[in-house]
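J.: Got a predicted structure plus its sequence, pasted below:
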Amino acid sequence: MNVSELPFNKLIGLELAPKDSDFQTSLPENTQYTNHLGTVHASAMLAVAEAASGAFLAKQFSSYSGFVPVVRRLEAKFRKPAVGQISARCVFTPEILDIWKGELTSRGRLSIAIPVEVVDTAGIIVMSATVEWFISSAA
């Protein structure tokens with residue numbers, strides 16, 4: 001699944017980050033995404049974080065078929081005002097991926113919390129989030 005093709009993400013102009021980047025998604029600079037302070041609106045940062053976690057799942061679990069991921073919870077801490085383009089990356093280790101894949105294979109379902117960082121044009125981490133997903137069989 002390409003998260004940038006989902007209707008909401010298309011509406012807001014969300015983009016997949018370049019493959020050689022350590023980011024999953026980005027939202028280009030646009031005055032439509034600003035708040036009353038002239039900085040990037042909180043909901044735009046939440047959207048790019050949620051989409052990054054979805055892109056991460058789509059990539060890491062691409063060989064698994066018949067499973068449906070659903071967001072259960074998203075917790076965020078806004079650290080600094082964001083300016084310009086924002087990009088999101090998932091923070092993980094290869095070891096945790098092996099654990100998650102093993103659990104999904106053995107139990108047929110999985111609840112995981114994916115840490116995400118949102119960074120602005122200046123390279124400042126402007127938001128940290130945890131997106132909790134529940135993955136289960138589509139049957």
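T.: Structure received. Numbering: from 1, shown residues only.

J.: in which helix or strand would I find the residue positioned nearest the centre of the chain?
T.: When CA atoms, centre = their mean is applied to the chain, the residue found nearest the centroid is Ala52 (2.1 Å). Per DSSP states H and E: Ala52 is located in helix 42-60.

J.: before we move on, the earlier item: what sits against the residue nearest to the centre of the chain?
T.: 23-25, 88-90, 116 (CB atoms under 8 Å, 6 or more residues apart in numbering). C-betas here are computed from N, CA, C, even on glycine.

J.: pull the helix or strand with minimum mean pLDDT from this protein.
T.: Lowest mean confidence among the helices and strands of the chain (mean pLDDT, DSSP states H and E): helix 94-107, at a mean of 92.

J.: In PDB, could you pull the C-alpha coordinates for that helix?
T.: Only the C-alpha atoms of helix 94-107 are listed here, as PDB (Å, rounded to 0.1, in the frame of the first residue of the first chain):
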ATOM      1  CA  PRO A  94      16.100  -4.600  13.400                       C
ATOM      2  CA  GLU A  95      15.700  -6.700  16.600                       C
ATOM      3  CA  ILE A  96      12.200  -5.400  17.300                       C
ATOM      4  CA  LEU A  97      11.200  -6.000  13.800                       C
ATOM      5  CA  ASP A  98      12.100  -9.700  14.200                       C
ATOM      6  CA  ILE A  99      10.100  -9.900  17.400                       C
ATOM      7  CA  TRP A 100       7.100  -8.300  15.800                       C
ATOM      8  CA  LYS A 101       7.200 -10.500  12.700                       C
ATOM      9  CA  GLY A 102       7.500 -13.600  14.900                       C
ATOM     10  CA  GLU A 103       4.500 -12.600  17.000                       C
ATOM     11  CA  LEU A 104       2.400 -11.900  13.900                       C
ATOM     12  CA  THR A 105       3.300 -15.200  12.400                       C
ATOM     13  CA  SER A 106       2.700 -17.200  15.600                       C
ATOM     14  CA  ARG A 107      -0.400 -15.500  16.900                       C
END
